[in-house]
Structures are given as C-alpha cells and as structure tokens.
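# Generate a structure from the sequence data that follows.
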Amino acid sequence: MARALPVLLAVMSLLFAVAARAKVGETYCVGGYAGTPPNVVAACAQPEVVKLHRRWHEHLYVTDGKECLLCYDEEDQTCETVFLARNPAYRPMYDYDCARLFGESLRSGYLLDHVIDGKSLALPPPPPPVQLEAKVERITPGPYTAGDRLSAVGAVRDGQGVARRIPGGTFRVTDASGKSTDHRGTVQPDGTVTADFTLPPTDSARVEFIPDKPPLAPGETLRTAVSEAQSLKVEVCGFRARLVQPSALAPETLVAGQATALRARLFDAAGQQPVAAPAGLSLAFTVQVEDEPAQTLAADKELSASWTPPASPRPRQVRISAGGRAGERVVCPAGEVSATVSDLGLGFDTSGLPRTCYVGLPCRGTVVLQRPSEPGVRHRVDELLLDPKVEARMEDTGEVRYQGPPRAGDRYEFLTTYDTPKSASWSLVFQTPRGPVAMPTHEIRVRPQLQLELPAELDFGTVAAGTAVTQACQKLDFGRSQGAEEHRWELRAEGLEGCQARPVLSFRNALDTAEVRGLVPPLGIDALDPKDRRLDICLEVPRCAGEVSPDSAVLRVVPLTPEFKAQEKLLRLRWKVESRGFLGCHGAWVWPSLALLGVGVLLAGFTQPARFPSGASIRVAGSERGMRQAAAILLLDCPGSSPGFFRDARLALHGDGEVNGRTRNAAILLRATRGSGVVLTGNGPLEMQDRRTLQWEPVMDLAQGHVPSSSALYRAGSTYFKVEL
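A predicted model of the protein is given here:
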C-alpha cells in the first residue's frame, strides 16, 4: 500500500497536468449586441474586452430559442468546440434569421460568458463615455486636375483610433460653385469605406465623408453626422509623372531597412507621350506605408530618390506616387503604385482568396508568396527559404491545414468545406531563423447556400384599363428562400410581344420617393431588405384597350452569384385588362372639353353680337319742317337697344315716331353691324330725299339692308327721320 501511494500521486499529477493543458486556448466570449446583423455593436467587441486578446474575431451567432447572442473567439473554433459543446441549449443561427425572429438585441453591454484559457472573467465595469468621429482618412495624392479619377477612404473611429463597424457611407464632393455630388462607398474588411470619383471642372473642391449611422454601444456618441471637409486645389496639368520604379506592371516586395530606389518619368498632360524634363522642374515622391502618415521625398535631376522602408514585422502595403511643378505648370501624378514592405522582403498576394464562401460548397483560394525583384535582395531571400529550418504553416480558423517546408512555385492553396454559417480566418506563417513572417489574417464569411423558393405565378387578376400602376401590384415574396438577402438579382419580363400592359418594379428610392422601373430590358437588384424580403411587381395597363396576358408572359428571376445561377426561376404572369367605353376612356378630356366649349358658346353668344355705336343717334319728326326742331336721341338710350344671345342690337321705328326694341309690326328696323355701323331693314316703304333735287326717291335695298347716310333725310309714311353716326 505504501508503494502504491507514490504511483497514485504521479497519475493524479499527470491527469491534472493534462487537464491544465486542455484549458489553455479555451478562450471565447458570448454576449449581446445592438443593431441589425450584420452591422452591430457587440459586447464582446468592446475595447475593454478586445484588449485582453491576441487575435479576436466574430465567429458565429448562437441562440437558445429566446434570443440571439454573438460569439467571438481568437480566430479558432472554440465558439463551436467549447462553448456549444458545453452548452447544448444553444445552437448556431444564421444572423439574418436572428434579425427576423428576435429583432434587435439592444444588449451590447451584456456578457453571458467570457472565458480566457478556461477561466471565466468577471463582467467589466461600464465603459466611459466615448465620442466617435467620422473622418476622410485618405485621398489619392495630388496635384489634381479636373477629370482625374481619385480614391477616398473614410472611417468612424474613437479617440484611440479604433474603427467602428458602419453599414456604409457616402462621399460628398462640392465644387467651387457649391454644387455637390454624392458618391456611395463600399465597406472594406477593415471597417473603412472607400469610393472612387472624378473631379468636376472647377478650381477647388471639398470632400466630406457622411457615414451611415453606426450602431452605438452604451456611452458612445457620434460627434457630427458629417466629417470635416478636406479641401483640394484643382489646377490644369501641364505634365504627368509616372512611377517606373517600383513598377506598376508587376507586384513589388520591398525589404525594410534596405534602401530602395524610386524613379519617375515625365509625360505630356495626357500621360501618353514621354517628354524631357523642362527647366525649373521640381518633383517629389509621396510615400505612404499602411498605418503611417505619408512622407514626401524630393527627386533629383534624374527624377530619382532613395527611400528606406521602415521596420515591418508583418507585410504592409505602401503606396507611392510622384508630382510637382515646372515653373507655372503643374505636374500631376499618373496614378499610384502599390508595393509590399516587410522585414524579410516577403509579401503575400491574396487577390486569389475569396471573401465569401457557402456552407456545403468547396471553399478554395490561393496565396502567392512574393519575393523581391532586386537581384541582391532576392538572392538572400531565396537562400533563407531554402534553409531547412524554415517551416510554412497554413491555418484555417486555428486548424493547421499544412505544416512543412516552403512549397515549390510559392503557391499555397486553401481548400475546405464548411458545415455552418460563421466567420473563418485563413493565415499563412513562415517560421524562419530570423523570425516569423505572417500573411495578414484573411477573414471569410461562410454563408448558407441560396435555396430559392418563389411562387409559381404572379396573378394581377382583372384590372380596369387606366388603373394607376401602384394599384395593380403583387408581392414577389422571397420569404421562403434561404439566404436571398445576400445576393444580387436580375429581373426580366419575357414573352410580352403584342402586349400593351407592362410589368414594372415599384419601390421607394434613397430620397423616400416612389419610383417605378421597367423590367424590359432586365433590371438589376443590388440587395433585398433582410427584414422584408418582398418586391412590389406592378402592372402598367393601357388607358383604354382591354387585353388578356398571353401564355408566354413570364418573369425570369436570376441570382447573379455564379454558384447559384442555375437556380433561376420562371414565374407565370397573368392579368386581364377590361376595356372602357368611349366616355369611360376619354371622359377625362371629353367632359372638360364640352364644358369649355359650352362656356365658349355662352361667352360668344353674348360678346359676339354687334352693338350700336356709342355716339349713334336718331332724329324723328312728323313733318319735314318739324325735323329742324327734333332732338337727337342716342340709340343706346332707347329701350331694348342691347344685343341678345347671338343677336345683333336692333331697334324699331314705329309709325307714331317712337323708337324702342319692340320690333313686331315695325315698318323700319335699325340693326347694329360690326365695325360700329348701323343698317336699315324692314318691309317699307322707305324713301330718301335727294339733296340736290329735294325729290323723294324709294330706297331699293331696304330688304337687303340699307346703310344710312348721316346727312340724308328719310321718310316712312308720315314719319321723317335722320340717322347720325
């Protein structure tokens, strides 16, 4: 028994040691978040949590059926292999399903479990107030001229420079006249937003960054909605300077601490024809290493300079351009050249790595190791990689995929298949006698496969001709589909030959105003609303005619993600348009036209008839002698002298000498004519005295209308009169 005790103690010590080793690396954090996935502020991503970890990334969403939480780990699998294994009440969940089922968590200060190397940590105290600020972080170096294509980088950061995740952002470019143009940016993996834009024709411009409102953690505020403006002077380029070393034709890798030659060449203003350097040329190189301020190096007469890259334990990107002046003429850069700088002269071309992969499908990518092009430096790097002590290690989210000597050809291929939506991280590290060289960790979003489920048809039913487009709509519902919100789409209406009706997409644009777009030619859809995965497909119908949809009318829905193009769907389109009668169709203009016509007729009836001249008068007497004492009577003063409806003004001269509007049985009628005239009509008899002979002569044109002379004396029976105009 005494001999067995030491053995038992040794076994127990070994078990405790194994258990202790098992705890190492068991590091993860599960907590709440605020916002709508994938743009959230997570409790596990708060600065006081992140500073406790080496490599920290959002791994996957988990749920217990009551709420969604977000699990972070150190770019390994411990969210799955440890947390989910120990907590069977939780399971992984697709982040957009979290948003739809549980809405916004709004618990960015809640930590369910925070474990480092197997030890649970107490909850951190509430964070102090933090002000976030939007900034234009970088603009392509100048000098600038109108029409130049520039690139801008914007971000939202706290006082320590830590970036916050934002859904997106817009760059506003304002010219000297005050006219502004907005350019929508693209979110980058590091949390910044980039956009390209063309300088407008102006002599100055301002560039501002307007971030989409980020989800804010407790105590955080956004100082201003718009960044401070960056001012650009826009001039007329006389020349262009193109960097020829390093070259833009092939990726370059530079060695930290090793002097590097920079050389430029001068071209004409269009950047096409080489030119000799003019007198008074002053050229400078702008060099900016990732995470460091830009620096300027003056070029010599040969348009060259020497630059020594700073220490870079990890490969970093460096951007180089050249510009300056030649007297009064401006030398603009002919673009930027990108290179990689590292302590050992090794770089990594990650352009062959994917950013998104899909559950159940092969996820493949290739990293190409880059070596320096300068022969002397290249020889030392080649010798280093031939050293048997150098080892390459490829890791996929903490799991080693390859470990061994560097591969011939400098190509390293990742190939794996994932079984759940999450974030994966790929890394390539070279362990050398001079220290490790690591590729920047490459994050991959593993998303569920698209499973497209749509209705077999869209039936608009019976629609009256002339119905407004927004009143004849059907929902194209992607709600039964999986992952539809993460893809771009193309909608195309086909088989509409001979149809007057046309299907269109109705939506509200960024200014929240209604807009419709036709589906012929095809229409591209950039994204679906993850909270309402439906589109309004409406029918533009003819104004009058009726029709029935042909059997060939279909809507083709095509996913633009190459992996899922084969899932395109054809939806039958059905409708019946009821025609309207003449008045039903054209009543909108017929009835108003008739009303206007009636008003016109009424106006014409009262305004078109002729009126008596204002000064026209008549003298009436019972004898020729009595005419000398007869007073003139204005025609307008006589009763009934006004015109009627479509009837010229008229007066009757009666046998008793009375003048009024009662024309019945009158011998002589006085009728107004256009042009301020008067004519005499009637049955007669009417005589007119000849002024020379004083003889009475019959008026022969009375029936047709006799135009009276102002000095003539007329006699109708025993009544004498004169008409004076």
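# can we go C-alpha only for contacts and neighbour counts from here?
Will do.
# pretty sure residue 559 contacts residue 488?
Yes: here residue 559 lies in contact with residue 488, judged by Cα atoms under 8 Å, at a distance of 6.1 Å.
# Show me the shaky parts of the stretch 1-150 of the chain.
The stretch 1-150 of the chain contains residues with pLDDT under 70 at 1-24, 104-106.
# The same query, at a cut-off of 90, please.
1-25, 33-43, 45-51, 54-55, 98-110, 121-130 (pLDDT under 90).
# Can you show me the strands along it?
28-31, 33-36, 39-42, 57-63, 68-73, 91-93, 111-116, 119-120, 130-139, 144-145, 149-157 (DSSP state E, counting those that start in this stretch).
# starting at the chain centroid, how far to the second one?
Just to be clear, that refers to strand 33-36. How far strand 33-36 lies from its chain's middle: 24 Å, per Cα atoms, centre = their mean, to the nearest Å.
# Give me the sheet partners of that strand and which way each runs.
strand 39-42 (antiparallel) (DSSP bridges).
# List of residues touching the partner strand?
31-35, 70, 108-109, 165-167, 214-217 (Cα atoms under 8 Å, 6 or more residues apart in numbering).
# Stretch 396-407 too?
With Cα under 8 Å, 6+ apart as the criterion, stretch 396-407 contacts 75-77, 385, 388, 390-395, 414, 424-427.
# ok so, going back, nearest to residue 275, of the strands of the stretch 1-150 of the chain?
strand 144-145 (19.1 Å; Cα to Cα).
# From the chain's centroid, how far away is that closest one?
The answer for strand 144-145 is 26 Å, by Cα atoms, centre = their mean.
# Check stretch 190-206 too.
16 Å.
# can I get the strands of the stretch 1-150 of the chain in a markdown table with distance to residue 202 and mean neighbour count?
As requested, the strands of the stretch 1-150 of the chain are arranged in a markdown table below (distance: least, Cα to Cα, whole Å; neighbours: other Cα atoms under 10 Å):
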| stretch | distance to residue 202 | mean neighbour count |
| --- | --- | --- |
| strand 28-31 | 51 | 26 |
| strand 33-36 | 41 | 22 |
| strand 39-42 | 37 | 24 |
| strand 57-63 | 45 | 23 |
| strand 68-73 | 49 | 28 |
| strand 91-93 | 52 | 19 |
| strand 111-116 | 53 | 18 |
| strand 119-120 | 60 | 12 |
| strand 130-139 | 18 | 19 |
| strand 144-145 | 9 | 25 |
| strand 149-157 | 14 | 21 |
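# Could I get the full set of helices for this protein?
4-23, 47-50, 78, 85-86, 95-102, 375-386, 582-607 (DSSP state H).
# Tell me who's in contact with residue 296.
Applying Cα under 8 Å, 6+ apart, the residues contacting residue 296 are 284-287.
# Kindly recompute the last result at 10 Å.
284-288, 320-322 (Cα atoms under 10 Å, 6 or more residues apart in numbering).
# Next one: it from residue 70, what distance?
According to Cα to Cα, to the nearest Å, residue 296 stands 44 Å off from residue 70.
# Could you do residue 275 as well?
Taking Cα to Cα, one finds residue 275 at 59 Å from residue 70.
# So which bits of stretch 255-265 are buried?
255-258, 260, 262-265 (16 or more other Cα atoms under 10 Å).
# Most neighbours out of the contacts of residue 296, which is it?
Neighbour counts for the contacts of residue 296 (other Cα atoms under 10 Å) peak at residue 322, which has 33 neighbours.
# Skipping its backbone neighbours, what lies nearest residue 232 in space?
residue 205 (5.1 Å; Cα to Cα, 6 or more residues apart in numbering).
# neighbours around the nearest residue to residue 53 once chain neighbours are set aside, how many?
Distances taken as Cα to Cα, 6+ apart place residue 74 nearest to residue 53, at 7.1 Å, with adjacent residues excluded. Residues contacting residue 74 under the criterion other Cα under 10 Å number 23.
# burial of residue 568, as a residue count?
Counted with other Cα under 10 Å, residue 568 comes out at 16.
# swap in residue 601?
15.
# which residues sit in contact with it?
Applying Cα under 10 Å, 6+ apart, the residues near residue 601 are 595, 607-608, 645-646.
# Any chance of a ChimeraX selection covering the buried ones in those residues?
Command for ChimeraX that selects the buried part of these, burial taken from 16+ other Cα under 10 Å:
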select :608,646
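# need the strands of the stretch 1-150 of the chain in CSV with distance to residue 551, can you?
Listed next are the strands of the stretch 1-150 of the chain as CSV, based on distance: least, Cα to Cα, whole Å:
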stretch, distance to residue 551
strand 28-31, 54
strand 33-36, 42
strand 39-42, 44
strand 57-63, 46
strand 68-73, 46
strand 91-93, 42
strand 111-116, 58
strand 119-120, 66
strand 130-139, 55
strand 144-145, 57
strand 149-157, 49
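# mind checking which of those is nearest residue 569?
That would be strand 91-93 among those, by Cα to Cα, at 27.1 Å.
# Listing partners with orientation, what would you give for the closest one?
Sheet partners by DSSP bridges: for strand 91-93, these are strand 57-63 (antiparallel).
# Give me the distance between the partner strand and the centre of its chain.
The answer for strand 57-63 is 31 Å, by Cα atoms, centre = their mean.
# And stretch 48-62, by the same measure?
With Cα atoms, centre = their mean, you get 33 Å for stretch 48-62.
# cool, stretch 561-575 as well?
On Cα atoms, centre = their mean, the centre of stretch 561-575 falls 25 Å from the chain's centre.
# can you give me the end-to-end distance of it?
31 Å.
# now swap in stretch 152-165 and tell me
OK, stretch 152-165 end separation, Cα to Cα: 18 Å.
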